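Trainee: Pasting the sequence and the predicted model now:
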Amino acid sequence: MLDHVEVDYFGTLTPLKSLAGISSPDASSLSIQPYDLSAMALIEKAITNCADLGMTPSNDGKQIRLNVPPLTADRRKEMAKLVSKLGEEGKVAVRNVRKTAMKTVDAMLKDKIISEDRKKALDKGIQALTDENVKKVEGMVKAKQEEITKV
């Protein structure tokens, strides 16, 4: 939940997990203990400014507590859409790897390192791996969406 939160620490955007220890004392809350107590206000500000969290931090001077609200139907739908978006980004990444591999094979053919038959076999193998990994991503997205929408 907090992986994408970045804190403006001495003029540099720093991941929260680099500045503080994050634990979960119970199922509905998070505890953030900064390594440097002077960064407490900066961490609190970064969490507050992170619009997609929907949580308000409370500070007791030594740690920041976040109470995780129960998921509403609307929040579940939002999270399912986010999972779908991340899945699409994953599939695009897999296809970009395929594109790079195909270009490498084409360059090898052009430099006469491989034959035309070998190129066709490699292209077929690359496509098979791409299809397999795209299906894996789709399966993970579907499973996570079912998990999220399950009440």
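Mentor: Cool, got the structure. Numbering: from 1, shown residues only.
Trainee: From now on I want contacts and neighbour counts done on CA atoms only, so please keep to that.
Mentor: Fine.
Trainee: Pass me the low-pLDDT residue ranges in the chain, would you?
Mentor: Along the chain, segments meeting pLDDT under 70 span 51-53, 151.
Trainee: Point to the residue nearest the middle of it.
Mentor: In the chain, the residue lying closest to the centroid (CA atoms, centre = their mean) is L86, at 7.2 Å.
Trainee: how close does that one sit to L71?
Mentor: To L71, L86 is 20 Å away according to CA to CA, to the nearest Å.
Trainee: Break down the protein into its strands, ranges please.
Mentor: Applying DSSP state E to the chain gives strands spanning 6-9, 12-15, 20-26, 29-34, 58-59, 64-67.
Trainee: possible to save those strands as a markdown table with distance to M108 and mean neighbour count?
Mentor: As requested, the strands of the chain are exported to a markdown table (distance: least, CA to CA, whole Å; neighbours: other CA atoms under 10 Å):
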| stretch | distance to M108 | mean neighbour count |
| --- | --- | --- |
| strand 6-9 | 42 | 18 |
| strand 12-15 | 41 | 13 |
| strand 20-26 | 48 | 13 |
| strand 29-34 | 52 | 19 |
| strand 58-59 | 59 | 14 |
| strand 64-67 | 54 | 19 |
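Trainee: For H4, grab phi and psi.
Mentor: Backbone torsions of H4, given as degrees, to the nearest 10, read phi -90, psi 0.
Trainee: my guess is it meets P15, correct?
Mentor: Yes. Contact between H4 and P15 holds when scored by CA atoms under 8 Å: they sit 7.2 Å apart.
Trainee: hmm, back to that, would you list the strands of the chain in CSV and tack on distance to K124?
Mentor: Below are these laid out as CSV (distance: least, CA to CA, whole Å):
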stretch, distance to K124
strand 6-9, 42
strand 12-15, 41
strand 20-26, 46
strand 29-34, 48
strand 58-59, 56
strand 64-67, 50
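Trainee: Looking at those, which is nearest to V97?
Mentor: When those are compared by CA to CA, strand 12-15 sits nearest V97, at 27.2 Å.
Trainee: Packing partners of the closest one?
Mentor: For strand 12-15, the packing partners by 3 or more CA pairs under 8 Å, 6 or more residues apart in numbering; DSSP states H and E come out as strand 6-9.
Trainee: Sheet partners, orientation included, of the strand it packs on?
Mentor: In the sheet, strand 6-9 lines up against strand 12-15 (antiparallel) (DSSP bridges).
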